[in-house]
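> Sequence and computational prediction follow.
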Amino acid sequence: MESSENGPESAHSHLPPDPELRVKALEEILVRKGLVDPAALDAIIDMYQNRVGPRNGARVVARAWSDPDFRNALLADASDAIAGMGYAGRQGEHVTAVENTRDTHNIVVCTLCSCYPWPLLGIPPGWYKSDEYRARAVREPRKVLAEFGVTLPKDKAVRVWDSTAEMRYIVIPERPPGSTGLDQEALAELVTRDSMIGTGLPMEPQR
Ligand code: FE
């Protein structure tokens, strides 16, 4: 749904209470007993946040850029199109794809908690879950985007999409200039996690 139409809190209550606290407590115990190395944990989290995690989404975007039929199917029913690529799973049952165009830039937030399309993007980055991002993405999206290094032309509209347990969003960024002729694998390399949340743009191919 678009912002300003927030559903009830229960729409987000797909996790037990205080999961972060419980995870922190477990981590504390494991570290104290010398069973895990905090640096190794950070490395694993980084891997899921930045490397393994968002790669499925990147392949979806690359295919949408290359295959007009797939793009149309994705925009019509993303859950179905994505399931067809084998990327289904928890927190990814209901997904909508929103496409950036010359006129419109899309950005995704979960104003109540941290709903996020896990099977496509992995686990959400810390800032996505922060009170600041959740409040400001709706109130002043252009300012937030500028802080992420995305400055949009004044005449480009910004649409903010508020995720819930019922509906997650993936942004299909605009295909970068200079990417003509690249195959899907090379295109997927240009698709960053943030470009699929809307807080970034895809990379441009290196010459
Ligand atoms: Fe949520």
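Alright, I've got the coordinates.
> State the mean pLDDT of the helix or strand hosting residue 159.
Element membership of residue 159 [criterion: DSSP states H and E] is strand 157-162. When pLDDT is averaged along strand 157-162, the result is 97.
> Check stretch 175-187 too.
95.
> Distance-wise, check residue 93 relative to residue 77.
12 Å (C-beta to C-beta, to the nearest Å). C-beta here means a position set from N, CA and C on the backbone, and glycine is covered the same way.
> quick one on the thing from earlier: and the strand holding residue 159, how far out from the chain's middle?
14 Å (C-alpha atoms, centre = their mean, to the nearest Å).
> likewise stretch 170-182?
Worked out by C-alpha atoms, centre = their mean, stretch 170-182 lies 17 Å from the chain centre.
> I'd like the next helix or strand past the strand holding residue 159.
Strand 157-162 is succeeded, C-terminally, by strand 168-172 (DSSP H and E).
> Now do the phi/psi pair for residue 149.
Here is the backbone geometry of residue 149 (degrees, to the nearest 10): phi 90, psi 10.
> In this structure it contacts residue 200, no?
Yes. With contact defined as C-beta atoms under 8 Å, residue 149 counts as touching residue 200 (7.4 Å).
> Who has more neighbours out of the two?
residue 200 (18 against 10; other C-beta atoms under 10 Å).
> which other residues reach the helix or strand of the chain with the lowest mean pLDDT?
Of all helical and strand segments in the chain, the minimum by mean pLDDT, DSSP states H and E falls on helix 38-46, at a mean of 80. Here helix 38-46 makes contact (C-beta atoms under 8 Å, 6 or more residues apart in numbering) with 27, 31, 123.
> ok but the second one is inside a helix, no?
The one in question is residue 31. Yes. Residue 31: assigned to a helix according to DSSP: H, G, I helix; E, B strand; the rest coil.
> Could you report the separation of the residue sitting furthest away from the middle of the chain from residue 27?
Farthest-out residue of the chain from its mean C-alpha position, per C-alpha atoms, centre = their mean: residue 33, at 34.8 Å. Distance, residue 33 to residue 27, by C-beta to C-beta: 11 Å.
> Contact partners for residue 96?
Residue 96 makes contact with 78, 161, 167, 168, 169, 170, according to C-beta under 8 Å, 6+ apart.
> helix/strand/coil for it?
strand.
> what is it paired to in the beta sheet?
residue 169 (DSSP bridges).
> Now that we have the contacts of helix 38-46, can you turn them into CSV and tack on pLDDT?
Listed next are those as CSV, based on pLDDT from 0 to 100:
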residue, pLDDT
27, 86
31, 87
123, 83
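> among those residues, which ones are buried?
Using 16 or more other C-beta atoms under 10 Å as the burial test, these include residue 123 as buried.
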